[in-house]
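Undergrad: model this:
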Amino acid sequence: MDLMKGIYLSLLYRFEFKDTVKIINSMVSWLNGVSVSGLITLSEEICRDRLINSICPEIEEEIRFHKKNGGMVVILSSAIMPVCKIIADHLIMDDVICSALESKNGIFTGKPEGSLCFGEEKSCQIKRIL
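TA: Next up, the predicted model:
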């Protein structure tokens, strides 16, 4: 059922039939009842097995260049913290700005923590650290 809902939401997003923030909020609700530690473990596996291997060497060189020249290097993403944090740690980034999920007692509530880092919210978030 989640797969069908995911396909449906992807089509709504692709053809702009529904507000993107509403689509993303709907996807966040899927995590209601999921343990924080379980999602972190899954994120680590995905990052280790897929994402980190797909990072181009040029990106790492660019990050080193900016850090060497006093620049602050930040991930700004609509992705969730567990994924962004792992990538940021791997790339030795200075900070992470991304979507956070609300949890209580180590279990996700299915709601975002504050506003999701998407669209205009990305601009607001980056302005806070500048």
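
Undergrad: how many neighbouring residues does Leu130 have?
TA: Other residues lying near Leu130 total 6 when counted by other CB atoms under 10 Å. For every residue, glycine as well, the C-beta is placed using N, CA and C.

Undergrad: er, Leu76 I mean
TA: Count around Leu76 with other CB under 10 Å applied: 15.

Undergrad: so what's the closest residue in space to it that isn't next to it in sequence up against?
TA: Leaving aside its chain neighbours, Leu76 sits nearest to Ile97 (4.9 Å; criterion: CB to CB, 6 or more residues apart in numbering). Neighbouring residues of Ile97 by CB atoms under 8 Å, 6 or more residues apart in numbering: 74-77, 117, 122, 125-126, 129.

Undergrad: so where's the chain shaky on pLDDT?
TA: Applying pLDDT under 70 to the chain flags residues 1-20, 23.

Undergrad: now do 50
TA: 1 (pLDDT under 50).

Undergrad: the helix or strand hosting the residue nearest to Leu76 pairs with which strands?
TA: Secondary structure from DSSP states H and E places Ile97 in strand 95-99. For strand 95-99, the paired strands and their directions (DSSP bridges) are strand 74-80 (parallel).

Undergrad: give me the buried positions along the partner strand.
TA: Buried residues in strand 74-80, counted by 16 or more other CB atoms under 10 Å: 74-75, 77-78, 80.

Undergrad: quick one: which of the contacts of Ile97 is nearest to Ile52?
TA: Nearest to Ile52 out of those is Ile75 (CB to CB; 13.4 Å).
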